[in-house]
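Student: Give me the fold of what follows.
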Amino acid sequence: MIAAHPPQSLDEREARITRALQEFDPEAVVAIEANGGRLSISTVLDELEVIAILGGLGVDAAPKRTITDDGEASSHPVGGCGCGCG
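Tutor: Predicted coordinates for the structure are as follows:
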């Protein structure tokens, strides 16, 4: 099936995600990189809350796992969830 409407621009997508997150955290900040579409979110919301909100918008997101300086796995790297949407 072919969509009858043009796809959302990155700015529109970023604004829609920002509005959704700011309903729960008014200080949330969202950025989508133009090259590659990497989604970065800064919020006080819990990881599972963010994933649920994004899922409600049709964004399939998973945090990018990293290894911290002490060798522990972390799902809260600097630079976003790493979902690759865009």
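Student: any idea how far I41 is from E49?
Tutor: 11 Å (Cβ to Cβ, to the nearest Å). From N, CA and C alone the C-beta is placed, and that goes for glycine too.
Student: ok, the two, which is more surrounded?
Tutor: Neighbour count, other Cβ atoms under 10 Å: between E49 and I41, I41 has more, with 24 against 14.
Student: wait, isn't that one in contact with T18?
Tutor: No. Shown here, I41 and T18 do not form a contact pair, counting by Cβ atoms under 8 Å, at 9.1 Å.
Student: overlap in contacts of these two?
Tutor: Counting by Cβ atoms under 8 Å, 6 or more residues apart in numbering, the contacts common to I41 and T18 are A28, V29, V30.
Student: How many neighbouring residues does the first one have?
Tutor: In this case it means A28. 20.
Student: Next, the contact list for it, please.
Tutor: T18, L21, Q22, I41, S42, T43, V44, L45.
Student: These: which two are farthest apart?
Tutor: Maximum pairwise distance in the contacts of A28, criterion Cβ to Cβ, is 14.6 Å, between T18 and V44.
Student: wait, which of the contacts of A28 is closest to D60?
Tutor: Within these, proximity to D60 (Cβ to Cβ) peaks at I41, which comes in at 14.5 Å.
Student: Who are the packing partners of the helix ranked longest in the chain?
Tutor: Secondary structure of the chain per DSSP state H: the longest helix is helix 10-22. Using 3 or more Cβ pairs under 8 Å, 6 or more residues apart in numbering; DSSP states H and E, the elements in contact with helix 10-22 are strand 29-32, strand 39-42, helix 47-56.
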